[in-house]
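# Mind folding the following:
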Amino acid sequence: MNLNELKSKLRTFKKEDIVITYHAGLRARVRKINFEEVKENIVNPESLVHAEPQKAKHEGEEKYDCYFAVSKDFSHRYVLVINGKVIIVTIIRINKSWQRILERKGK
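Numbering: from 1, shown residues only. This is a model prediction of the structure:
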């Protein structure tokens, strides 16, 4: 599934269809990430810039490692499982300056 197909699929969900696991909730609170912002990013995925499919544990599930450019300085990384609902497995905040440094070193 390409990025635009995933964006279209995410738009079909409502905020009520999003489940935040205990681990993801704990990580978000520690990292001071707002749950409403996370849910808004998923149902309105305009800031989704990269997604990598991963192997799902159960048949009928889809799993993605997603990167959302939420501001000039920060990105959010969510690991999502889609199985009729969107389950957020983990939430990480990434400082974009580190991302730029790594991109430069990779060139």
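# Check which helix or strand the closest residue to V38 other than its chain neighbours maps to.
Leaving aside its sequence neighbours, V38 sits nearest to I91 (C-beta to C-beta, 6 or more residues apart in numbering; 6.1 Å). For the C-beta atoms, the positions are set from N, CA and C on the backbone; glycine is no exception. Taking DSSP states H and E as the definition, one finds I91 inside strand 86-95.
# hmm, who's touching that strand?
10, 13, 17-21, 23-24, 27-28, 31, 33, 38, 42, 63, 67, 73-81 (C-beta atoms under 8 Å, 6 or more residues apart in numbering).
# Distance from the chain centre to that strand, please.
Going by C-alpha atoms, centre = their mean, to the nearest Å, the spacing between the C-alpha centre of strand 86-95 and its chain's C-alpha centre is 5 Å.
# Mind listing the strands the host helix or strand of Y64 pairs with, and their directions?
Assessed by DSSP H and E, Y64 sits inside strand 62-69. Note on strand 62-69: by DSSP bridges, its sheet partners are strand 48-54 (antiparallel), strand 74-82 (antiparallel).
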